[in-house]
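> Next comes the sequence, and after it the predicted model I'd like to discuss.
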Amino acid sequence: MADVFDDEVDAEPTISIGDYLKAVEEEELEADLVLGGDEGKECTYSKGYVKRQAIFSCLTCTREGNAGVCTACSLSCHEGHEIVELWTKRNFRCDCGNSKFGEFFCKLSASKDVENSENLYNHNFKGTYCTCDLPYPDPNVEEQVEMIQCCICEDWFHEEHIGLQSSDKIPRDEEGEPLYEDFICQGCAVVCSFLTCYPQIISVSNTSDTGKEKAILDNSHMISSGKMENGSSLSLTNQEGELKVCTEVAGPSGKCVIGEVIGNSPTESEGDKKPFFLSKNWREVLCRCVKCSEFYAQKGISYLLDKEDSIAEYERMAKQKRNENMERQEGVEMNFLNNLGHVEKMGILSGIADMKNELFSFLESSDPSKAITTADVQQVFENLAKKRKRPE
């Protein structure tokens, strides 16, 4: 059996233990960021419409793709089912076990409304994405193409389908990392055309200077060289060139920083719509005067003023929860040791030290160019067993 295992290892690419552990840690962090620190132990239904949470669609129970379930329900109630991972959705309440699931009841929270009327669904819940309406991963494609999520409709798009002109590029640095915080698709750009009143937050790659950003403004009818149509100046940056937050822009009087322009943008037409790439902290710049707030509500995008709606804030809170959980776990382990007697405590600490020394000795003497075999692992544990039998 060991020989068969060794042959399989030799036929596959090898990886160092350090690289493997690093990859595992990165995968755990990525999972925590997606789940928002949710440990998946309790159904989130009782929390109401959560501002942002990880949502899953069960095609085994709802083939038409008109329902979503929380992390805990995807694990406890739909184990072994055909699950579609939707990443995160805003203002969503867990549907598990409601009328859309027929006779199926939620194991974690049985008492639920017939339907969650405020939940929004799109074709993602059927497992398809983009304007091409294809699944991800696409079974007909060998190499999967990266997709970008719109922060308004929350659909995902292939880069070649987001509607960029041939001369335009997605804002990225030299290493391929995004230089933008959020993306707005062509369809949603019509609703959000008012963002052209904030030229400093809209950016694209400068095709003549790769890796850098430049501000662009297509709405020349309203603004030219930082001037409003009425001639007043529109400055959204401070002396250091950083974006101002709304309170600094609007001032104590609460005067609208974009005048009477909002809602009357000539770019609100199907023919002129272009996708937006928005810079870091762009939401903080948006005007919060009464008229603008009413406009956001009318368009159904008031959530743009809520910091907790953004993916950046969601991931920040997820990292904070992750660190708190790790610190709490370390505290539990220390309490466990402190409650042991002296002999038991020394036995555990001695065992940990033996394991550490044995692994270090093995790694120091092994050939890094060769794969680790089952025989190597067995030898490590045999050496540890001998140490445990050594006379005191």
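Done, it's in. Numbers count the residues shown, from 1 in each chain.
> going forward, measure contacts between C-alpha atoms and count neighbours the same way
Noted.
> Strands of this structure, start to end?
Per DSSP state E, the chain carries strands over the ranges 50-58, 83-92, 128-129, 134-135, 147-149, 156-158, 182-184, 203-205, 213-215, 276-278.
> what residues does the fourth one touch?
Which is strand 134-135. Contacts with strand 134-135, where a contact means Cα atoms under 8 Å, 6 or more residues apart in numbering, come from Gly127, Thr128, Tyr129.
> ok, so of these, who is nearest Phe360?
Gly127 (46.4 Å; Cα to Cα).
> Next one: the nearest residue in space to the closest one that is not next to it in sequence from Leu120, what distance?
Residue nearest to Gly127 in three dimensions, not counting chain neighbours: Pro135, with 5.5 Å by Cα to Cα, 6 or more residues apart in numbering. In this structure, Pro135 and Leu120 are separated by 20 Å, where distance is defined by Cα to Cα, to the nearest Å.
> what about the stretch 101-250 of the chain, any weak spots by pLDDT?
203-250 (pLDDT under 70).
> 80 instead, please
166-167, 202-250 (pLDDT under 80).
> What are the boundaries of the helices in it?
The residue ranges that make up the helices of the stretch 101-250 of the chain, judged by DSSP state H, counting those that start in this stretch, are 186-191, 246-250.
> just to revisit the earlier point, show me the one of the strands of the chain that comes nearest Ser167.
Ranking the strands of the chain by distance to Ser167, with Cα to Cα as the measure, places strand 203-205 first at 9.8 Å.
> how about Leu59, what does it touch?
By Cα under 8 Å, 6+ apart, Leu59 lies in contact with Gly65, His81, Glu82, Ile83, Val84, Lys126.
> Just put those residues in CSV and tack on distance to Val114 and neighbour count.
Putting those into CSV (distance: Cα to Cα, whole Å; neighbours: other Cα atoms under 10 Å) gives the following:
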residue, distance to Val114, neighbour count
Gly65, 17, 21
His81, 22, 14
Glu82, 23, 14
Ile83, 22, 20
Val84, 22, 21
Lys126, 21, 21
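> Near Glu39, how many other residues are there?
Residues within reach of Glu39, counting by other Cα atoms under 10 Å, total 12.
> Over to the one 5 residues further on?
Applying other Cα under 10 Å, we find 23 other residues in the vicinity of Thr44.
> With the one 4 residues further on instead?
Close neighbours of Gly48, defined as other Cα under 10 Å, add up to 12.
> That one reaches Arg90, doesn't it?
No: Gly48 is not in contact with Arg90 according to Cα atoms under 8 Å; the separation is 11.8 Å.
> Could you report the separation of His158 from Phe360?
Between His158 and Phe360 the computed distance is 46 Å (Cα to Cα).
> For those two, indicate the residue with more neighbours.
Remark: of His158 and Phe360, His158 carries more neighbours, 18 against 12, as counted by other Cα under 10 Å.
> roughly how far apart are the residue lying closest to that one once chain neighbours are set aside and Ile311?
For His158, ignoring the flanking residues on the chain, the nearest one in space by Cα to Cα, 6+ apart is Met147 at 4.6 Å. Taking Cα to Cα as the criterion, Met147 is separated from Ile311 by 16 Å.
> More neighbours: the two, which one.
Taking neighbours as other Cα under 10 Å, Met147 and Ile311 compare with Ile311 leading, 20 against 17.
> which of the contacts of strand 134-135 count as buried?
Among the contacts of strand 134-135, those buried by neighbour count (16 or more other Cα atoms under 10 Å) are Gly127, Thr128, Tyr129.
> so who does the last one touch?
With Cα under 8 Å, 6+ apart as the criterion, the residues that contact Tyr129 are His123, Pro135, Tyr136, Asp155, Trp156, Phe157.
> To Lys299, which of the strands of the chain lies closest?
strand 182-184 (14.8 Å).
> So for Leu384, what pLDDT did the model give?
At Leu384, the predicted lDDT confidence score is 77.
> what's around it, how many residues?
For Leu384, the number of neighbouring residues by other Cα under 10 Å comes to 17.
> Now His161: closest residue in space, sequence neighbours ignored.
Of all residues not flanking His161 in the chain, Thr131 sits nearest, at 7.0 Å (Cα to Cα, 6+ apart).
> And that neighbour, how far from Arg63?
Thr131 is 21 Å from Arg63, where distance means Cα to Cα.
> Over to Asn122?
Plainly put, Asn122 is 13 Å away from Arg63 if you go by Cα to Cα.
> Next: Ala54.
Using Cα to Cα, one gets 20 Å for the distance from Ala54 to Arg63.
> Equivalent analysis for Thr374, please.
Distance from Thr374 to Arg63, counting by Cα to Cα: 44 Å.
> Next: Asn357.
Remark: distance between Asn357 and Arg63 (Cα to Cα) = 54 Å.
> I'd like to know which of the contacts of Tyr129 is nearest to Val257.
Using Cα to Cα, the shortest approach to Val257 within the contacts of Tyr129 belongs to Asp155, at 30.8 Å.
> if we can go back for a sec, just give me the closest of the contacts of Leu59 to Leu179.
For Leu179, the closest of the contacts of Leu59 turns out to be Val84, at 28.8 Å, with distances computed as Cα to Cα.
> Spit out the contact partners of the closest one.
Under the criterion of Cα under 8 Å, 6+ apart, the contact partners of Val84 comprise Phe56, Ser57, Cys58, Leu59, Phe125, Lys126, Gly127.
> cutoff 7 Å now
For Val84, the contacting residues are Phe56, Ser57, Cys58, Gly127, taking Cα atoms under 7 Å, 6 or more residues apart in numbering as the criterion.
> now Lys89
Arg52, Gln53, Ala54, Ile55.
> Run a quick check on the first one versus Ile311, I expect a contact.
No: with contacts counted by Cα atoms under 7 Å, Arg52 stays clear of Ile311, the gap being 8.4 Å.
> Now Leu108. Nearest residue, chain neighbours left out?
Taking Cα to Cα, 6+ apart, and ignoring the residues beside it in sequence, Leu108 has Cys43 as its nearest neighbour in space, at 6.0 Å.
> Now do the one you found against Cys77, distance only.
Noted for Cys43: a distance of 10 Å to Cys77, by Cα to Cα.
> out of these two, which sits in the busier spot?
Higher neighbour count among Cys43 and Cys77: Cys43, with 21 against 18, using other Cα under 10 Å.
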